[in-house]
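kindly generate the corresponding structure for this input.
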Amino acid sequence: MTAPATTAPLRAFIRLGRPKFLFQSMLVVALGGTIAVHSGHQAQLGGYLLTLAFAWCTHLMTHYCNEYFDLEADRANAVPTSWTGGSRVLVDGALRPVVSLGAAFALLFAGMLLLALLPDTTTRLIAVAITALAWFYTAPPLRLNYRGLGEISCALVLYGFGPLLACLVHAGTIGATGIAGIAVVCGFQFLRMAVMNLSDIEGDAATGKRTLAVLLGAAGLRALYAGGQLVIHAAVVLLLITGVLPVVAGLLVLVTGAVPAWVSRQLAAGAMAVPARANAVTFWASMHMPLTAAAITAGLLADLLARSGAQWQPWFAVCLLTFALFGGWLATAVRAHRTA
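Next comes the predicted model:
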């Protein structure tokens, strides 16, 4: 049954923004706030809501911007997955491309207004960097994802500067534990984006989009992902031994390593050549990121509660609600993938 004519454009517009990815930025903001609370600072509800609004606004802006500037590459991608190759709304002609560009500009301006409300010069400068890297990820003249710089810029925007901004909004500073946690998720995000671009390699190559997958080739990209995962997990073990990461946080990260281990095996077995398996690979490669962010967040909260004299505080409720929302959505998404 097709959607009524009055609601079909609205539904297409929502699909165009791919809101399912917003769970990642929600968990990023929770991670940054938890880093601040773990270091002895008090999280502020106003600061949390402002940071979350900016994160979601910028995240959506990136999606609408990418849909417009990636249209040629998306059209050339004959085998998109549910997580790569864009929303297909513009490719299928459900909306005009100018709608996507207009939405991107509107969200850009909204993000700049939110940016101005941040507490100090440092947080505003970080937010400017996030906005610039997000916009020029696909937009000219930089078009970072067309020059072999998309993976690192995406990692910095979402899992590097993102939690750093959230932490500084509450604490104004960040310690070694916070830096280590952010470095871990940022490194994982770099590898995850490499896998996502591997799924789009043929269409990207045909349209001159020089992602790492195109530059390294499929075999080189698979080696980068597997080797990178080993290096980062070894670093987590070292951070555990040296006490930089609390025990629970480090162990939870290592447990989530089962996901990239499965992804690596699938890549080695040629799963990307089979559409159904490629869809599963890109899904779990994506889910590794929010799972890792949640693991570090939960580990830091557990360490805080285990300390002598530590008491329950409102921030714990914010994190529990975040986990519940993500967990409920993830369960639904897993069921949908199993029945697809």
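
low-confidence stretches in the protein?
1-6, 308-311, 340 (pLDDT under 70).

where along the stretch 51-200 of the chain do the helices fall?
With DSSP state H, counting those that start in this stretch as the criterion, the stretch 51-200 of the chain has helices at 71-76, 97-116, 121-135, 150-155, 162-171, 176-199.

so can I have TSV of those helices showing mean neighbour count and distance to Arg15?
Just so you know, the C-beta spots here come from the backbone N, C-alpha and C atoms, and that holds for glycine as well. Compiled in TSV, the helices of the stretch 51-200 of the chain are given as follows (neighbours: other CB atoms under 10 Å; distance: least, CB to CB, whole Å):
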stretch	mean neighbour count	distance to Arg15
helix 71-76	18	13
helix 97-116	17	11
helix 121-135	19	20
helix 150-155	22	21
helix 162-171	26	24
helix 176-199	23	18
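
ok but Ala324 is inside a helix, no?
Yes: assigned with DSSP: H, G, I helix; E, B strand; the rest coil, Ala324 falls within a helix.

re earlier: quick one: which of the helices of the stretch 51-200 of the chain is nearest Phe316?
Checking the helices of the stretch 51-200 of the chain against Phe316 by CB to CB gives helix 162-171 as the closest, at 14.2 Å.

rewinding a little: so can I have JSON lines of the helices of the stretch 51-200 of the chain showing distance to Leu238?
Below are the helices of the stretch 51-200 of the chain laid out as JSON lines (distance: least, CB to CB, whole Å):
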{"stretch": "helix 71-76", "distance to Leu238": "39"}
{"stretch": "helix 97-116", "distance to Leu238": "36"}
{"stretch": "helix 121-135", "distance to Leu238": "27"}
{"stretch": "helix 150-155", "distance to Leu238": "20"}
{"stretch": "helix 162-171", "distance to Leu238": "21"}
{"stretch": "helix 176-199", "distance to Leu238": "10"}
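
so which of the ones you listed is nearest Thr207?
Nearest of the helices of the stretch 51-200 of the chain (CB to CB): helix 71-76, 4.6 Å.

mind checking how far that closest one is from the chain centre?
Taking CA atoms, centre = their mean, to the nearest Å, one finds helix 71-76 lying 22 Å from the centre of the chain it belongs to.

neighbours around Leu22, how many?
Counted with other CB atoms under 10 Å, the neighbours of Leu22 add up to 17.

next one: Gly17
Residues near Gly17, counting by other CB under 10 Å: 22.

just checking, Pro119 touches Val169?
Yes: counting by CB atoms under 8 Å, Pro119 does reach Val169; the two are 6.2 Å apart.

who touches both of the two?
Gly47 (CB atoms under 8 Å, 6 or more residues apart in numbering).

re earlier: among the helices of the stretch 51-200 of the chain, which comes closest to Ala269?
helix 176-199 (13.9 Å).

output the contacting helices and strands for the helix or strand following the closest one.
Per DSSP states H and E, helix 176-199 leads on to helix 201-206 as the next helix or strand towards the C-terminus. In terms of contacts (3 or more CB pairs under 8 Å, 6 or more residues apart in numbering; DSSP states H and E), helix 201-206 is packed against helix 71-76, helix 212-242.

dump those helices into TSV; add distance to Arg143 as well.
As requested, the helices and strands packed on helix 201-206 are arranged in TSV below (distance: least, CB to CB, whole Å):
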stretch	distance to Arg143
helix 71-76	11
helix 212-242	14
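
I'd like to know how many residues surround Ala53.
Residues lying near Ala53 (other CB under 10 Å) number 16.

was I right to think it contacts Leu115?
No: contact between Ala53 and Leu115 fails when scored by CB under 8 Å: they sit 10.5 Å apart.

show me the contact partners of stretch 80-88.
15-18, 63, 66-67, 70-71, 74, 77, 79, 196-197, 199-200, 203, 275, 278-279, 282-283, 285-286.

CA atoms only: put it into PDB for me.
Taking C-alpha atoms only, stretch 80-88 is exported to PDB below (Å, rounded to 0.1, in the frame of the first residue of the first chain):
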ATOM      1  CA  PRO A  80      23.700   0.100  -2.200                       C
ATOM      2  CA  THR A  81      23.100  -1.300   1.300                       C
ATOM      3  CA  SER A  82      20.700   0.000   4.000                       C
ATOM      4  CA  TRP A  83      23.700   1.800   5.500                       C
ATOM      5  CA  THR A  84      25.700   3.100   2.500                       C
ATOM      6  CA  GLY A  85      25.000   4.600  -0.900                       C
ATOM      7  CA  GLY A  86      22.700   7.300   0.500                       C
ATOM      8  CA  SER A  87      19.000   7.200   1.200                       C
ATOM      9  CA  ARG A  88      18.100   6.700  -2.500                       C
END
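
roughly how far is that stretch from the heart of the chain?
Computed by CA atoms, centre = their mean, the chain-centroid distance of stretch 80-88 equals 15 Å.

buried set for it?
80-88 (16 or more other CB atoms under 10 Å).

ok, so of these, who is nearest Ala219?
Nearest to Ala219, judged by CB to CB, of the buried residues of stretch 80-88 is Thr84 at 19.1 Å.

of the contacts of stretch 80-88, grab the buried ones for PyMOL.
Applying 16+ other CB under 10 Å to the contacts of stretch 80-88, the buried members can be selected in PyMOL as follows:
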select buried, resi 16+17+18+63+66+67+70+71+74+77+79+196+197+199+200+203+278+279+282+283+285+286
